[in-house]
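Peer 1: Fold the stuff below for me.
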Amino acid sequence: MDDLITVREAARQSDLTTGYINQLIRKGKIKGHKVGWSYLIERESFSEWLKKRNQQKQEDANNV
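Peer 2: Residues are numbered from 1 along each chain as shown. Okay, the predicted model is just below:
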């Protein structure tokens, strides 16, 4: 269970909204598993997505 986090926990770690994280799961950008009415996210998948997002933001800032 340590390899899964809730959408709410992911939102706290990243300053993203829970709605946006749910959208990322539905679009297949991060791996999540539907449990009842909510999702559990694979921690590694979310960490990798967040790292790529931060790298892209850094590259965009350097290109300005």
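Peer 1: Apart from its chain neighbours, what residue comes closest to Arg8?
Peer 2: The shortest distance from Arg8 to any non-neighbouring residue, by CB to CB, 6 or more residues apart in numbering, is to Thr18 (6.0 Å). (Glycine included, C-beta is placed from N, CA and C.)
Peer 1: OK, contacts around that neighbour?
Peer 2: Listed by CB atoms under 8 Å, 6 or more residues apart in numbering, the contact set of Thr18 reads Val7, Arg8, Ala11.
Peer 1: Among these, which one sits closest to Ile41?
Peer 2: Closest approach to Ile41 among the contacts of Thr18 (CB to CB): Val7, at 6.5 Å.
Peer 1: hmm, back to that, top of the contacts of Thr18 by neighbour count?
Peer 2: Ranked by the number of neighbours (other CB atoms under 10 Å), the contacts of Thr18 place Val7 first, at 22 neighbours.
Peer 1: Next one: that residue, what pLDDT does it get?
Peer 2: Note for Val7: predicted pLDDT of 97.
Peer 1: mind listing what it touches?
Peer 2: Shown in contact with Val7 (CB under 8 Å, 6+ apart): Thr18, Ile21, Asn22, Ile25, Gly32, Ser38, Tyr39, Ile41.
Peer 1: longest helix of this structure?
Peer 2: helix 43-62 (DSSP state H).
Peer 1: what's that helix packed up against?
Peer 2: strand 4-6, helix 7-14 (3 or more CB pairs under 8 Å, 6 or more residues apart in numbering; DSSP states H and E).
Peer 1: Can you convert those into a markdown table and add a column each for distance to Asn63?
Peer 2: What follows is the helices and strands packed on helix 43-62, written out as a markdown table (distance: least, CB to CB, whole Å):
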| stretch | distance to Asn63 |
| --- | --- |
| strand 4-6 | 32 |
| helix 7-14 | 23 |
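Peer 1: where does the chain have low pLDDT?
Peer 2: 1 (pLDDT under 70).
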